[in-house]
Structures are given as structure tokens and as C-alpha cells.
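In: sequence and computational prediction follow.
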Amino acid sequence: MSALAPKKTKVKLAVDLGGLPMHNPVTTASGTFAAGKEYADFVDVAALGAVTTKGVSLNGWEGNASPRIAETPSGMLNSIGLQNPGVQHLVDRELPWLAAQGAQAIVNVSGHSFEEYVAVIEALEAGAAAGTAPVGAYEINVSCPNVDAGGMTMGCHGPSVEKVVSACRAATERPLIVKLTPNVTDITEIARAAESAGADAISLINTLLGMAIDARRRRPLLARVVGGLSGPAVKPVALRCVWECHNAVKLPLLGMGGIVTGTDAVEFMLAGATAVAVGTANFMDPCATVHVIDGIIDYCEEQRVSDVNDLIGALKC
Amino acid sequence: MPVNEKAPVLLNMELGCGLWLMTLRSPIIARAVEPGQFVHMLISGMPDHILRRPFSVYAVDVDKGLLEILYQVVGVGTDHMTTLAQGAECELIGPIGRGWQPFEDTSRALLVGGGVGAAPLFMLAERLVAAGVDVDVVLGARTRAALSTLDHYKMLLAGAEGCTRDKPRTITDDGSSGRKGLCTVLVEEALAEAAEKEAPYDYAAVCGPEPLMRAVASLTATADVPCEVSLEKRMACGVGACLSCVVETIHGKRRACVDGPVFMADEVVWA
């Protein structure tokens, strides 16, 4: 059995995500796809619009204690805690592998401090300049709910977002995508902060903070007690966030949250997303990314849409 | 190389004590699976429960393309599985992971299965018996009716020329089969006998509740017998990407799905 590629179509699927050309609008949600290699037996990673890699920090993080996940109705909670081996491993091993497959990388960048985000980008810029570890774009993670410093603690506060995005902006000319958390009162306020600091695109949403309890044992199901909710359960929240940001900023949006089918992806594009990411669905079906692309094609052919760009923000309301 | 294979259910029957045996048609995985590897099952008909469930493979029939899973009802997923009849279609990713890896020159093996943990050891026992290894099997369960793999092991050992014992040692919590007590009692006895007869085991494998595996790991370490354990963790992707199922080892965190599920016992840092 060989890796699955999307069906052939005359529908124009290419989109431009803030300066990142994608041959179709589908990428992966960071943390659900590692750096692609683990899924290469199932899908042709080069056939995706991009592969968004697992969040990476400067020197690597251990991540959180187990249990790290729990299944919840139509979704799951995770508290992995951004376990990663550090940026150099990505530069030396993962990005060259992705490039050799012909896949485009969006690198998700994490940090405990403003300085760490910049240092990670600098390490990636060095690898990209050497020609061995190409980077298509950066996704700045100011939204992980599972770490004590950086992540969501930074992404809930407009001035902090402005500061980290400005610092990253100064470190690279590549497209800068800022990934937002839905765990805020007004997500458009954070989106505006990212826009004014020089972001090229916004991705949303990261997971919703939640918890689950085992009543009989009177214990939380996650070692860290709280974690991030993802999967189909969060799709309505994600759609609402995309729609609100589409009406608030000019930046292109990368929409995600519970996308399982091509129709789900189309709904995000109608709400204003230029591209979409498939996350938790990869756990349900290792070929989910390609099935979503096929589903978008089916929708377009059925609805006589010749170019997916015509779907962006085409919601009638 | 794992595949994602549609797997129709052919048979699903209760064996007693909340244990069930499911037979699925899954020819590609049945042909490729090694002892101790597992499949990650998308259970048909429960769309609101989005995650797959990992199951060790109990037995295969390569010619017929069949695969057997022995499962215990422990939650919503396994409870729903009991309702699946012939015609239901599941989906399996497999074969996954590092299975049992006895040494090439293993000559005397001790296999310890606690409860449903006896299932992932059966293909290993078959493999070792076929290679002429002297296999000693310890099976433990709550009660006689929960020793659902016993007959299978009995048949295997009865016809095995290289085995000193022609049947498994058994022990139950209530004494309804074999001795009364925990598996570790029989493991201690087996190790003591081996020492006395100067016929030491040169390989041990254990699967069952974590306290049992930890205890056997300690007993075999004292007896200087290399031991492997098969660990179970909550799992999401099943392919090594999500880092949900990590296990603490002396080499750092390792993924139970693809770096395991079988680990050398002396590499595991027990909680």
C-alpha cells in the first residue's frame, strides 16, 4: 500500500497565506502530525499545502506528566506540554527530510520568553540560509494552554502579543503566522495586536482550556488536571472565532478546530479562512488530511466552484 | 510498515468474566504482525468517541487473513465493542510497535501473563516453541473462568517437544484454578526451581497489570534473567506523532506506541 495522494481535479486549489504559496489550502495542526515522517506511510506529505511541525523550543522540553490525554464527548483533552527535542534536531533531521519529500514546512515556534522565540527563529534562519533546512513560514505559538510560561500566558494579553510578534518580525522576513488562543474575552483584540506588530497571517484556534474528572476515583483524568480540548466538539467555537477575526483584521486566516471532512474545511473558508489545518482528525484517520482535500474538491465540483479562493469569506450573512 | 486496513468483524463472542474474543478479517496486518505488536482500532458505530483503541494481537490465521483480539470490557469503547456482530466494519492501523524480542540464542523462557495480559504473549509462546525453546508459562487471573487463554496454552505446550513442563502454571485470586494468590508467587517458585536445578531462564516476558510487571521485573533482575514488559498507556495517534503515550525510561521519555509497547524491564523507570 502506498501513501495516499489527493484526487486529480480541474478546480484551482492554490492559495496564498500571507506570502506563503500553498498548492492547496490544507495543512496540519501543530502537534498532531510531528514533522510528517510518522504519517508518511499513510499520506503523501508533499501533496499537502504545507506540513505544520510540532512546536519547537530552543533547547527542548520534557513535557508534562502522564496521563497526558483523555477522551471527551466528540473530542479529547491533551496536556502534552510541548515536549520537543529542541530546534537543532528539527534543523538537522526533520526539515531536511520534509524538503527531500518535496513538502513545504510551516514551523511552529514556542518559547518561555520573548528572547527564546527569537533565538528559535534565528536557529531556523541559519538552517534555512544553509539550504539544508528550508522553512516556508513560521507559526508563532502564543496559545498553548499546557505550559506555565510562554504559550497562552503570553497570548491572552494584547501588549505581550505585540511585543513577541515585533521581536519575531525583526528576526525574519519569512511569512509570520501568529496562532491565537480562544481562551480570551475578545479574540479580535489579540488579532489586531498581532496585525499591528507585523504578522502576515493569523491561525486560530488553539485548544480550549478544559478538564475531565473520574467521579468514582474523585480524580482528574489528566495529570496536570487541566488541558486543551480539541476535535469536533470545538468546531462551532473555532468557526465563530474565524468569522469574528475575518471581520476585524485584513490578514489572511488559517482556520482550524475540529475539521474532519472537506465540508468542515469549506465552512471555515466561508467564515473567512484562506487555509485550514487538520489536527485531531489525524488521530481518528491517519489519511484525514488527504480525505479533507478530496472533500474540498468534491464540494467545489458539485457546487461549480472553479477556484477555492472564491470560497474565502463567502458566507452569506 | 503499518497500514490502515478496513477490517470486517467475523466473530465476536463472550468468554466469561467480561472477556471477549473478536475475530476480524485483516489480511495485510495478519501477514505482517510480529508477536507483541498491536493494532489501533477505530471501533465501528461510536462516532462521538473519536479516539482509536489499541489492542494487542492474540492470534492470527495468515492463510485465511484473520486476526484475533482478546479484550476485556473496561470502558465505553470495549463495552460498545461487545455489541458488534458479524458484518460490522472496524478499521485497524497496524502492525504497530516494537514487539517481543527474545534473543537468538534464547533456550529457556519464562512467560508471565496476568489476566488479559496472557493474550499478547501467545504468539510469542508459539514462536518460541516452534524454535525449540523450553517455554515455561505462568498464567494468573481472578478466577478459573477468567483464565480464557488456558486451553490454548495447554494445547501448545502439550505438543511441544522442547518444553520441560507440558502445561502452564496457573494461579487464581480465589484458588479455583491452580494455586491461590498472585502470579508473583509462581514466578518466585519458578525462579527458585531453575536455580536449584541449575537450569536458569535466559529470557522472561511479562504482560499484565503494571504492579505485576514491576514485581516480575524486580524478581527477574534479582535472578539475573533479562526480562521484557509490554506497557499500556492512553494513546491517541498510534503512529508516534502525538506524544500522548510516553513512558519514563532510563534513556528519557519513550513512546509506548512505536518505541514500545515492549520494553526491556530494566530500562523502565516505574512510577
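Out: Ah, there it is. Numbering: from 1, shown residues only, chains lettered A, B, ... in the order given.
In: going by C-alpha atoms from here, please, whenever you check contacts or count neighbours.
Out: OK.
In: and stretch A:164-177, how far from the chain's centre?
Out: Here stretch A:164-177 is found 17 Å from its chain centre; the criterion is CA atoms, centre = their mean, to the nearest Å.
In: and stretch B:126-137, by the same measure?
Out: Stretch B:126-137 sits 15 Å away from the centroid of its parent chain (CA atoms, centre = their mean).
In: in that stretch, what's buried?
Out: For stretch B:126-137, the neighbour count (16 or more other CA atoms under 10 Å in any protein chain shown) marks B:126, B:128-129, B:133-137 as buried.
In: what about it, how long is it end to end?
Out: 12 Å (CA to CA, to the nearest Å).
In: tell me the mean pLDDT for that stretch?
Out: Averaging the model's pLDDT scores along stretch B:126-137 yields 96.
In: other residues contacting that stretch?
Out: The contact list for stretch B:126-137 (CA atoms under 8 Å, 6 or more residues apart in numbering or on different chains) reads B:35, B:106-113, B:125, B:156-157, B:160-165, B:167-169.
In: low-confidence regions, the chain specifically.
Out: Defaulting to chain A. Along chain A, the parts satisfying pLDDT under 70 run over A:1.
In: any chance you could map the helices in it?
Out: A:87-89, A:95-101, A:114-129, A:152-155, A:158-171, A:187-196, A:235-248, A:262-271, A:281-284, A:288-303 (DSSP state H).
In: what's the worst-scoring helix or strand of chain B on mean pLDDT packed up against?
Out: When the helices and strands of chain B are scored by mean pLDDT, DSSP states H and E, strand B:179-180 comes last with a mean of 91. The contact analysis (3 or more CA pairs under 8 Å, 6 or more residues apart in numbering or on different chains; DSSP states H and E) places strand B:179-180 against strand B:169-172.
In: same thing but 10 Å
Out: strand B:134-141, strand B:169-172 (3 or more CA pairs under 10 Å, 6 or more residues apart in numbering or on different chains; DSSP states H and E).
In: for B:Met13, phi and psi?
Out: In terms of degrees, to the nearest 10, the main-chain angles of B:Met13 are phi -130, psi 150.
In: check the one 5 residues further on too.
Out: The phi/psi pair for B:Gly18 (degrees, to the nearest 10) reads phi 80, psi 10.
In: for burial, what's the neighbour tally of it?
Out: 15 (other CA atoms under 10 Å in any protein chain shown).
In: and it, what does it touch?
Out: B:Gly18 is in contact with B:71-74, B:78-79, B:82, B:145-146, counting by CA atoms under 10 Å, 6 or more residues apart in numbering or on different chains.
In: and with 7 Å instead?
Out: B:Gly18 makes contact with B:72-73, according to CA atoms under 7 Å, 6 or more residues apart in numbering or on different chains.
In: quick check: bridge partners of B:Val9?
Out: B:Val9 has these beta-bridge partners by DSSP bridges: B:Leu24.
In: would you agree it is in contact with B:Thr82?
Out: No - with contact defined as CA atoms under 7 Å, B:Val9 does not count as touching B:Thr82 (11.2 Å).
In: around chain A, which positions in chain B sit nearby?
Out: B:1-2, B:48-52, B:234, B:236-237, B:239-244 (CA under 7 Å from any CA of the partner chain).
In: now, of those residues, which are buried?
Out: The neighbour count (16+ other CA under 10 Å) marks B:2, B:49-52, B:234, B:236-237, B:239-244 as buried among the residues of chain B next to chain A.
In: with distance to A:Glu189 added, can I get those in CSV?
Out: Output for these, formatted as CSV (distance: CA to CA, whole Å):
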residue, distance to A:Glu189
B:Pro2, 45
B:His49, 35
B:Ile50, 33
B:Leu51, 34
B:Arg52, 38
B:Arg234, 37
B:Ala236, 34
B:Cys237, 34
B:Val239, 38
B:Gly240, 37
B:Ala241, 33
B:Cys242, 31
B:Leu243, 33
B:Ser244, 33
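In: around chain B, pick out the residues from chain A.
Out: Contacts of chain A with chain B, taken as CA under 7 Å from any CA, map to A:31-34, A:38, A:41, A:67-69, A:71, A:73-75, A:80, A:283-284.
In: among the residues you listed, which are in strands?
Out: Applying DSSP state E to these, the entries found in strands are A:69, A:71, A:75.
In: and which of the residues you listed is nearest to A:Gly150?
Out: A:Ile69 (21.1 Å; CA to CA).
In: so who does the nearest residue to that closest one once chain neighbours are set aside touch?
Out: Distances taken as CA to CA, 6 or more residues apart in numbering or on different chains place A:Asn78 nearest to A:Ile69, at 4.4 Å, with adjacent residues excluded. With contact set as CA under 7 Å, 6+ apart, A:Asn78 has these partners: A:68-70, A:227-229.
In: my guess is B:Thr23 contacts B:Leu70. True?
Out: No - taking contacts as CA under 7 Å, B:Thr23 lies outside contact range of B:Leu70: 8.9 Å.
In: for ChimeraX, write the selection for the buried entries among the contacts of stretch B:126-137.
Out: The ChimeraX selection below is limited to those of those classed as buried (16+ other CA under 10 Å):
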select /B:35,106,107,108,109,110,111,112,113,125,156,157,160,162,163,167,168,169
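In: mind checking which of the contacts of stretch B:126-137 land in helices?
Out: Those of the contacts of stretch B:126-137 mapping onto helices are B:125, B:156-157, per DSSP H.
In: sorry, back to before: just want the angle from the very next helix or strand once past the least confident helix or strand of chain B to strand B:134-141.
Out: Counting by DSSP states H and E, the next helix or strand C-terminal to strand B:179-180 is helix B:183-196. Angle of helix B:183-196 versus strand B:134-141, following axes from the mean of the first three to the mean of the last three CA atoms, to 10 degrees, is 160 degrees.
In: domain boundaries for chain B, per the record?
Out: B:3-96, B:108-267 (automatic domain parsing).
In: turn these into TSV, including distance to A:Ala265.
Out: TSV is the format used below for the domains of chain B (distance: least, CA to CA, whole Å):
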stretch	distance to A:Ala265
domain B:3-96	18
domain B:108-267	21
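In: and the contacts of whichever helix or strand B:Ala221 is part of?
Out: B:Ala221 is part of helix B:210-222, with elements assigned from DSSP H and E. The contact list for helix B:210-222 (CA under 7 Å, 6+ apart) reads B:184, B:206-207, B:226-227, B:229, B:265, B:270.
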